[in-house]
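Colleague: this is a predicted model, with the sequence first.
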Amino acid sequence: MPVSYYQIGGWKPSINWFAYDDKKLAQRLMSSNSPLRETSTSGGQGPIRMILGIKRNGTSHLLIPERKAHDLARVNDKKIPTRPIPASNFESLSFIDLKSEDEVYDILSWLKPKSRKQGEDTDNSRANRHFSREGKQGINRGALEHGRVLYKCIHNDIVLHELGINNKHWLESLQVFSFTLNTIAVDERSSSERLSNPTIIDIGWAEASCHDLLGKPETCDHIIIHENSKLRARGEPKPFEYGPLQTLSKEQAQGAVRELAERWSNSPTILLVHHKKLTMNVLQNCGVKVQDWHSGIRDLFYPNTIYSANSRNRSRSPTRGQGSRQYSDRRPDPPLPVGSVYVIDVKSLFESLMETQVGSDTVPGIARELRFDVTEGYCAGNEAMLLIDIWRGIISGPPIDQQRMARKQQPDPTPAAPSSPPEQPPLNEDDEDFDPNDISLTPLAQPKQTAEPDMYDEAFESDDGRSDSSD
């Protein structure tokens, strides 16, 4: 049965029991008899658990499942609206746990619209004022939240039907792989040529355990392309940490990639990459068929639904290019195949999480921005393991906006001395071909630990004299 929700707080809420008195609403939501209460690990009262809904344009909304909303209305002797919001209105649905009245009040204040000019009908809250009605930022923001749902699903920490997920039978056969590569540092060809037919220095891959999403060192491989072995990527090459080094011809390496891809097609596979469009072109140039692959894991949770991601952001067939096949996103989608590959661009997740492209051009660059203690240099094999750790660190954290606030409060990493050749111009992914998915911590290399900040402090504080770092 489809799940519906009621929005509480924010712009045009479904429930407005206390005339926008957020303090009173927070008290009622956190009351001892609240149906939103979870049980703590010690058996006592835990936090309240609500639903974070992100729409396709990127806006965030605090939701309560229909059944729990009726329970909440009953214990507060209130009436409930007759028309709930269908799950299909949201790009992603994920859980958000709130531990105190202050946390609830702060997030309600963050979602609360400010006074508007007469005739203005937009959500100008601090949470959502940066998103336009026609935007698509929710695709990438939602992709991060889907990862959080997967992480909790693996750890049996959620009730799936409250998110409209009917089953998790796919979890029994799920595979998680990473695939990484490094390209030549200085390439004077046009950006379209560099994107469609990049000069590869090395490639790497690894598999993660589906029990804890830890990378398995014995599955990690690293291949240097013989024809390009005298060339350099950015920085200096680093030794491969997980096994013997392989140097293969371009043809042999392509064969190894095709053999690897056969394993991905045997059962549902999550494939972690850095820069999806570039990686898809490389795989297609190796002879791997990516036409029916999916962008993100939404289709894994909601297969064959009208609102599934296959209607707008699946991997597409190649278009004719100059001497090579190039990944494109243009034609309509075929029906979803059974057991396919779900591509997650960790570069895109990072950029959506941190709202910046700084550091995102390489896997180690992202790791440093997220406070992993990594050294300069490149090795696609090591980066395959690192990419798994980065992804796990992101999806095991709090919701996207709270996580960004917390991470930005951590001290900046110590800048490393420059050791790279001059940078080439960035790949020009024009609007016609650009897919918005191609643009956002138990790590392999332990990050420097800092005290965990309060997820709902300054950035979530209200306008009643308390600070607001977002204004």
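Modeller: Alright, I've got the coordinates.
Colleague: who's in contact with stretch 248-268?
Modeller: Contacting residues not belonging to stretch 248-268 are listed as 170, 173-175, 177, 179, 200, 203, 205, 221, 223-228, 269, 271, 283, 285-288, 300, 339-342 [Cβ atoms under 8 Å, 6 or more residues apart in numbering]. For the C-beta atoms, the positions are set from N, CA and C on the backbone; glycine is no exception.
Colleague: repeat that with 6 Å
Modeller: Contacting residues not belonging to stretch 248-268 are listed as 170, 173-175, 223, 225-227, 286-288, 339, 341 [Cβ atoms under 6 Å, 6 or more residues apart in numbering].
Colleague: with stretch 154-161 instead?
Modeller: By Cβ under 6 Å, 6+ apart, stretch 154-161 touches Phe95, Lys152.
Colleague: for the record, mean pLDDT for it?
Modeller: Stretch 154-161 shows a mean pLDDT of 85.
Colleague: what about it, start to end distance?
Modeller: Stretch 154-161 has an end-to-end distance of 15 Å (criterion: Cα to Cα, to the nearest Å).
Colleague: got it, and stretch 167-184?
Modeller: Stretch 167-184: ends 44 Å apart by Cα to Cα.
Colleague: for stretch 64-80, same thing?
Modeller: Across stretch 64-80, the terminal residues are separated by 12 Å (Cα to Cα).
Colleague: buried set for it?
Modeller: Ile64, Pro65, Glu66, Lys68, Ala69, Asp71, Leu72, Ala73, Asn76, Ile80 (16 or more other Cβ atoms under 10 Å).
Colleague: can I get stretch 365-374 as CSV, trimmed to CA atoms?
Modeller: Below are the C-alpha coordinates for stretch 365-374, written out as CSV (Å, rounded to 0.1, in the frame of the first residue of the first chain):
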residue,chain,number,x,y,z
GLY,A,365,41.3,15.7,-3.0
ILE,A,366,37.8,14.8,-1.7
ALA,A,367,39.4,12.7,1.1
ARG,A,368,41.4,15.7,2.2
GLU,A,369,38.4,18.0,2.2
LEU,A,370,36.6,15.5,4.4
ARG,A,371,39.6,15.4,6.8
PHE,A,372,41.0,12.1,5.8
ASP,A,373,44.8,11.9,6.5
VAL,A,374,46.0,11.1,3.0
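Colleague: quick one on the thing from earlier: Ala406: which of the buried residues of stretch 64-80 is nearest?
Modeller: Of all the buried residues of stretch 64-80, Ile64 has the smallest distance to Ala406: 24.7 Å, by Cβ to Cβ.
Colleague: wait, isn't the closest one in contact with Tyr6?
Modeller: Yes - counting by Cβ atoms under 6 Å, Ile64 touches Tyr6, with 5.2 Å between them.
Colleague: tell me which element the residue nearest to Gly365 when sequence neighbours are not counted is part of?
Modeller: The spatially closest residue to Gly365, leaving aside those adjacent along the chain, is Gly359, at 4.0 Å (Cβ to Cβ, 6 or more residues apart in numbering). Using DSSP states H and E, Gly359 sits in no helix or strand.
Colleague: may I have the phi/psi pair for Gly359?
Modeller: Taking degrees, to the nearest 10, you get phi 80, psi -10 for the backbone angles of Gly359.
Colleague: returning to what we had before: among the contacts of stretch 248-268, which lie within strands?
Modeller: Gln175, Ile223, Ile225, Val341 (DSSP state E).
Colleague: any chance of these in CSV, with distance to Lys24, neighbour count and pLDDT too?
Modeller: Converted to CSV, the ones in strands among the contacts of stretch 248-268 look like this (distance: Cβ to Cβ, whole Å; neighbours: other Cβ atoms under 10 Å; pLDDT from 0 to 100):
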residue, distance to Lys24, neighbour count, pLDDT
Gln175, 49, 17, 96
Ile223, 62, 22, 98
Ile225, 64, 21, 97
Val341, 49, 21, 96
